[in-house]
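Peer 1: Sequence and predicted structure are below.
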Amino acid sequence: MSKGIALTTGLNAVSPAHYGGWSGELNACEADAKDMAEIARSKGFDVKTLLTKEATRANVIDGINKAASTLTSGDIFMLSYSGHGGQLPDLNSDEADAQDETWCLYDGELVDDEIYSLLGKFAQGVRILVFSDSCHSGTVTKLAYYQSAMRTMGLKGISPEIRYRFMPMEVAVRTYRDNKKFYDPILKDPQLKESRDAVNASVILISGCQDNQLSADGTFNGLFTANLLQVWNEGKFKKGYRAFRRAIVNRMPPDQTPNYFRVGEINRAFEKQKPFTI
(Lines give C-alpha, C1' and ligand atoms only; values in the text may rest on other atoms or scores of the structure.)
Protein backbone atom coordinates (compact mmCIF):
# COMPACT_ATOMS: atom_id res chain seq x y z
CA MET A 1 0.00 0.00 0.00
CA SER A 2 1.26 3.49 -0.87
CA LYS A 3 2.33 5.84 1.92
CA GLY A 4 1.81 9.59 2.22
CA ILE A 5 3.90 12.08 4.22
CA ALA A 6 3.07 15.79 4.48
CA LEU A 7 5.12 18.71 5.77
CA THR A 8 3.16 21.94 6.12
CA THR A 9 4.85 25.21 7.10
CA GLY A 10 3.45 28.63 7.93
CA LEU A 11 5.28 31.70 9.20
CA ASN A 12 3.47 34.75 10.56
CA ALA A 13 6.87 36.36 11.27
CA VAL A 14 10.61 35.84 10.83
CA SER A 15 13.54 36.47 13.15
CA PRO A 16 14.71 40.12 13.06
CA ALA A 17 18.16 38.88 14.12
CA HIS A 18 18.70 37.37 10.66
CA TYR A 19 16.67 39.76 8.54
CA GLY A 20 18.31 43.05 9.56
CA GLY A 21 15.66 44.06 12.09
CA TRP A 22 12.71 43.11 9.85
CA SER A 23 10.17 40.72 11.38
CA GLY A 24 7.82 40.53 8.39
CA GLU A 25 4.54 40.08 10.28
CA LEU A 26 1.70 38.38 8.41
CA ASN A 27 -1.79 37.34 9.48
CA ALA A 28 -2.77 34.01 8.03
CA CYS A 29 0.24 31.83 7.21
CA GLU A 30 -0.06 29.65 10.30
CA ALA A 31 -3.75 29.15 9.50
CA ASP A 32 -2.81 28.08 5.97
CA ALA A 33 -0.39 25.48 7.31
CA LYS A 34 -2.98 24.12 9.74
CA ASP A 35 -5.65 23.91 7.04
CA MET A 36 -3.33 22.16 4.58
CA ALA A 37 -2.38 19.76 7.38
CA GLU A 38 -6.05 19.04 8.02
CA ILE A 39 -6.61 18.16 4.36
CA ALA A 40 -3.57 15.89 4.32
CA ARG A 41 -4.55 14.19 7.58
CA SER A 42 -8.08 13.60 6.29
CA LYS A 43 -6.60 11.75 3.30
CA GLY A 44 -4.38 9.52 5.41
CA PHE A 45 -1.05 11.34 5.28
CA ASP A 46 1.41 11.25 8.17
CA VAL A 47 1.59 15.00 8.86
CA LYS A 48 4.14 17.30 10.48
CA THR A 49 3.42 21.04 10.79
CA LEU A 50 6.01 23.74 11.47
CA LEU A 51 4.74 27.15 12.60
CA THR A 52 6.75 30.40 12.68
CA LYS A 53 9.64 29.84 15.16
CA GLU A 54 9.61 26.09 14.45
CA ALA A 55 9.90 26.70 10.71
CA THR A 56 13.68 27.02 10.68
CA ARG A 57 15.99 26.04 7.84
CA ALA A 58 17.20 23.03 9.81
CA ASN A 59 13.70 21.78 10.65
CA VAL A 60 12.36 22.17 7.11
CA ILE A 61 15.42 20.53 5.56
CA ASP A 62 15.26 17.72 8.13
CA GLY A 63 11.57 17.16 7.43
CA ILE A 64 12.14 16.87 3.69
CA ASN A 65 15.18 14.61 4.16
CA LYS A 66 13.23 12.27 6.46
CA ALA A 67 10.45 11.98 3.89
CA ALA A 68 12.99 11.31 1.12
CA SER A 69 14.63 8.52 3.13
CA THR A 70 11.25 6.93 3.93
CA LEU A 71 9.23 7.07 0.72
CA THR A 72 9.65 4.70 -2.21
CA SER A 73 8.19 4.46 -5.72
CA GLY A 74 4.41 4.87 -5.65
CA ASP A 75 4.40 6.90 -2.42
CA ILE A 76 3.56 10.61 -2.17
CA PHE A 77 5.04 13.61 -0.35
CA MET A 78 3.12 16.85 0.11
CA LEU A 79 5.04 20.02 0.98
CA SER A 80 3.26 23.30 1.63
CA TYR A 81 4.74 26.71 2.43
CA SER A 82 2.95 29.90 3.44
CA GLY A 83 5.10 32.92 4.16
CA HIS A 84 7.24 35.55 2.53
CA GLY A 85 9.00 34.98 -0.76
CA GLY A 86 12.46 36.53 -1.07
CA GLN A 87 15.28 36.98 -3.54
CA LEU A 88 19.04 36.56 -3.51
CA PRO A 89 21.56 37.29 -6.28
CA ASP A 90 22.07 34.41 -8.70
CA LEU A 91 25.79 33.65 -8.36
CA ASN A 92 25.86 30.39 -10.33
CA SER A 93 24.16 31.85 -13.44
CA ASP A 94 21.17 29.53 -13.61
CA GLU A 95 18.44 32.18 -13.52
CA ALA A 96 17.39 34.30 -16.48
CA ASP A 97 16.56 37.26 -14.22
CA ALA A 98 19.86 36.93 -12.27
CA GLN A 99 17.98 36.34 -9.01
CA ASP A 100 17.36 33.18 -7.02
CA GLU A 101 13.94 32.87 -5.44
CA THR A 102 13.66 31.88 -1.79
CA TRP A 103 11.32 30.89 1.01
CA CYS A 104 11.86 33.14 4.03
CA LEU A 105 12.13 30.66 6.88
CA TYR A 106 12.38 31.86 10.47
CA ASP A 107 16.17 31.97 10.77
CA GLY A 108 17.20 32.26 7.13
CA GLU A 109 16.18 31.91 3.50
CA LEU A 110 15.91 28.57 1.72
CA VAL A 111 17.08 29.04 -1.88
CA ASP A 112 15.13 27.50 -4.75
CA ASP A 113 18.27 25.60 -5.85
CA GLU A 114 18.41 24.04 -2.37
CA ILE A 115 14.77 23.00 -2.62
CA TYR A 116 15.42 21.26 -5.96
CA SER A 117 18.48 19.57 -4.45
CA LEU A 118 16.35 18.27 -1.58
CA LEU A 119 13.66 17.04 -3.98
CA GLY A 120 16.41 15.30 -5.90
CA LYS A 121 16.87 12.94 -2.96
CA PHE A 122 13.49 11.30 -3.53
CA ALA A 123 13.38 8.01 -5.40
CA GLN A 124 12.10 7.75 -8.93
CA GLY A 125 8.39 6.99 -8.91
CA VAL A 126 7.65 9.06 -5.80
CA ARG A 127 4.95 11.66 -6.35
CA ILE A 128 5.66 15.10 -4.86
CA LEU A 129 3.03 17.80 -4.47
CA VAL A 130 4.21 21.31 -3.56
CA PHE A 131 2.01 24.29 -2.66
CA SER A 132 3.65 27.68 -2.18
CA ASP A 133 1.47 30.57 -1.01
CA SER A 134 4.15 33.23 -1.30
CA CYS A 135 5.57 35.62 -3.85
CA HIS A 136 9.00 36.37 -5.22
CA SER A 137 8.76 39.93 -6.47
CA GLY A 138 7.62 43.41 -5.60
CA THR A 139 8.99 46.94 -5.48
CA VAL A 140 7.63 50.05 -3.83
CA THR A 141 6.07 51.09 -7.15
CA LYS A 142 4.51 47.69 -7.77
CA LEU A 143 3.28 47.47 -4.19
CA ALA A 144 1.50 50.80 -4.52
CA TYR A 145 -0.06 49.66 -7.81
CA TYR A 146 -1.32 46.39 -6.38
CA GLN A 147 -2.73 47.98 -3.24
CA SER A 148 -4.67 50.48 -5.36
CA ALA A 149 -5.91 47.82 -7.77
CA MET A 150 -6.98 45.36 -5.09
CA ARG A 151 -8.86 48.00 -3.10
CA THR A 152 -10.58 49.20 -6.27
CA MET A 153 -11.71 45.64 -6.99
CA GLY A 154 -13.18 45.38 -3.47
CA LEU A 155 -11.93 41.83 -2.92
CA LYS A 156 -13.51 39.97 -0.04
CA GLY A 157 -11.60 38.12 2.65
CA ILE A 158 -8.67 40.54 2.72
CA SER A 159 -8.02 42.95 5.54
CA PRO A 160 -8.33 46.69 4.75
CA GLU A 161 -4.58 47.16 4.99
CA ILE A 162 -3.51 44.55 2.47
CA ARG A 163 -0.29 42.72 3.22
CA TYR A 164 1.69 40.89 0.58
CA ARG A 165 3.90 37.91 1.08
CA PHE A 166 7.14 39.31 -0.25
CA MET A 167 10.34 40.57 1.30
CA PRO A 168 10.81 44.29 0.51
CA MET A 169 13.78 44.91 -1.76
CA GLU A 170 15.68 46.96 0.81
CA VAL A 171 15.29 44.12 3.33
CA ALA A 172 16.43 41.57 0.74
CA VAL A 173 19.58 43.57 0.02
CA ARG A 174 20.34 44.16 3.69
CA THR A 175 19.74 40.53 4.63
CA TYR A 176 22.08 39.31 1.90
CA ARG A 177 24.86 41.78 2.68
CA ASP A 178 24.68 41.05 6.41
CA ASN A 179 24.88 37.30 5.75
CA LYS A 180 27.10 36.99 2.66
CA LYS A 181 29.40 34.45 4.35
CA PHE A 182 26.41 32.18 4.85
CA TYR A 183 24.66 32.62 1.49
CA ASP A 184 27.56 32.89 -0.96
CA PRO A 185 28.71 29.25 -0.63
CA ILE A 186 25.12 28.18 -1.38
CA LEU A 187 24.63 30.61 -4.24
CA LYS A 188 27.99 29.71 -5.84
CA ASP A 189 27.68 25.94 -5.42
CA PRO A 190 28.12 24.46 -8.94
CA GLN A 191 26.29 21.27 -7.94
CA LEU A 192 23.18 23.23 -7.01
CA LYS A 193 23.18 24.79 -10.49
CA GLU A 194 22.14 21.41 -11.92
CA SER A 195 19.81 20.50 -9.06
CA ARG A 196 16.58 20.89 -11.03
CA ASP A 197 17.76 18.48 -13.72
CA ALA A 198 18.72 15.91 -11.08
CA VAL A 199 15.16 15.45 -9.78
CA ASN A 200 13.97 11.89 -10.53
CA ALA A 201 10.64 11.96 -8.70
CA SER A 202 7.50 13.48 -10.26
CA VAL A 203 6.91 16.96 -8.87
CA ILE A 204 3.83 19.15 -9.30
CA LEU A 205 4.11 22.70 -7.97
CA ILE A 206 1.00 24.85 -7.63
CA SER A 207 2.03 28.30 -6.46
CA GLY A 208 0.06 31.28 -5.24
CA CYS A 209 1.03 33.54 -8.14
CA GLN A 210 3.34 34.00 -11.11
CA ASP A 211 6.97 35.02 -10.51
CA ASN A 212 6.22 38.63 -11.42
CA GLN A 213 3.12 38.92 -9.21
CA LEU A 214 2.33 39.38 -5.54
CA SER A 215 0.47 36.96 -3.26
CA ALA A 216 -1.98 38.59 -0.88
CA ASP A 217 -2.20 37.71 2.78
CA GLY A 218 -5.67 37.68 4.33
CA THR A 219 -7.62 37.69 7.55
CA PHE A 220 -8.29 33.95 7.82
CA ASN A 221 -6.11 32.53 5.02
CA GLY A 222 -3.91 33.78 2.24
CA LEU A 223 -5.93 34.60 -0.87
CA PHE A 224 -4.57 31.60 -2.77
CA THR A 225 -5.08 29.14 0.09
CA ALA A 226 -8.57 30.52 0.80
CA ASN A 227 -9.61 29.80 -2.78
CA LEU A 228 -7.87 26.42 -2.75
CA LEU A 229 -9.96 25.46 0.27
CA GLN A 230 -13.14 26.65 -1.42
CA VAL A 231 -12.40 24.63 -4.56
CA TRP A 232 -11.40 21.55 -2.55
CA ASN A 233 -14.72 21.91 -0.69
CA GLU A 234 -13.91 19.33 1.98
CA GLY A 235 -13.09 16.72 -0.66
CA LYS A 236 -16.00 17.23 -3.02
CA PHE A 237 -13.64 18.24 -5.87
CA LYS A 238 -13.17 15.14 -8.05
CA LYS A 239 -10.98 16.12 -11.02
CA GLY A 240 -7.20 16.16 -11.51
CA TYR A 241 -4.48 18.65 -10.59
CA ARG A 242 -4.64 20.76 -13.74
CA ALA A 243 -8.39 21.17 -13.33
CA PHE A 244 -7.81 21.91 -9.63
CA ARG A 245 -5.44 24.74 -10.48
CA ARG A 246 -7.79 26.08 -13.19
CA ALA A 247 -10.71 26.12 -10.76
CA ILE A 248 -8.59 28.10 -8.27
CA VAL A 249 -7.49 30.53 -11.00
CA ASN A 250 -11.12 31.15 -11.93
CA ARG A 251 -11.72 32.49 -8.42
CA MET A 252 -8.63 34.71 -8.32
CA PRO A 253 -8.17 38.36 -9.36
CA PRO A 254 -6.38 38.89 -12.70
CA ASP A 255 -3.22 40.17 -11.03
CA GLN A 256 -2.68 37.02 -8.94
CA THR A 257 -2.63 33.92 -11.14
CA PRO A 258 -1.57 30.64 -9.52
CA ASN A 259 1.06 28.77 -11.50
CA TYR A 260 1.28 25.08 -12.44
CA PHE A 261 4.82 23.79 -12.84
CA ARG A 262 6.30 20.31 -13.26
CA VAL A 263 9.79 19.10 -12.36
CA GLY A 264 11.38 15.70 -12.77
CA GLU A 265 9.75 12.70 -14.39
CA ILE A 266 6.43 13.48 -16.06
CA ASN A 267 3.69 11.32 -14.53
CA ARG A 268 0.40 11.92 -16.31
CA ALA A 269 -1.45 9.40 -14.15
CA PHE A 270 -0.39 11.45 -11.10
CA GLU A 271 -1.63 14.64 -12.73
CA LYS A 272 -5.04 13.09 -13.41
CA GLN A 273 -5.55 11.89 -9.84
CA LYS A 274 -7.94 13.58 -7.46
CA PRO A 275 -5.82 15.99 -5.40
CA PHE A 276 -4.20 14.58 -2.26
CA THR A 277 -4.74 10.96 -3.29
CA ILE A 278 -2.27 8.58 -1.62
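Peer 2: Now that the structure is in, tell me what you want to look at. Numbering: from 1, shown residues only.
Peer 1: How many residues are close by residue 73?
Peer 2: By the other CB atoms under 10 Å criterion, the neighbourhood of residue 73 contains 13 residues. No exception for glycine: its C-beta is placed from N, CA and C like everyone else's.
Peer 1: contacting residues for it?
Peer 2: 123, 124, 125, 126 (CB atoms under 8 Å, 6 or more residues apart in numbering).
Peer 1: go on, residue 124?
Peer 2: Residues touching residue 124, when contacts are defined by CB under 8 Å, 6+ apart, comprise 73, 200, 201, 265.
Peer 1: For those residues, which PyMOL command selects only the ones that are buried?
Peer 2: Those of the contacts of residue 124 that count as buried under 16 or more other CB atoms under 10 Å are selected in PyMOL with:
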select buried, resi 200+201
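Peer 1: Dump the contacts of residue 124 into JSON lines; add secondary structure, pLDDT and distance to residue 213 as well.
Peer 2: As requested, the contacts of residue 124 are arranged in JSON lines below (DSSP: H, G, I helix; E, B strand; the rest coil; pLDDT from 0 to 100; distance: CB to CB, whole Å):
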{"residue": "73", "secondary structure": "coil", "pLDDT": "98", "distance to residue 213": "35"}
{"residue": "200", "secondary structure": "coil", "pLDDT": "96", "distance to residue 213": "30"}
{"residue": "201", "secondary structure": "coil", "pLDDT": "98", "distance to residue 213": "27"}
{"residue": "265", "secondary structure": "coil", "pLDDT": "96", "distance to residue 213": "28"}
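Peer 1: Nearest to residue 253 among the contacts of residue 124?
Peer 2: residue 201 (32.8 Å; CB to CB).
Peer 1: so the closest one makes contact with residue 122?
Peer 2: Yes - A contact is recorded between residue 201 and residue 122 when judged using CB atoms under 8 Å, the distance being 3.9 Å.
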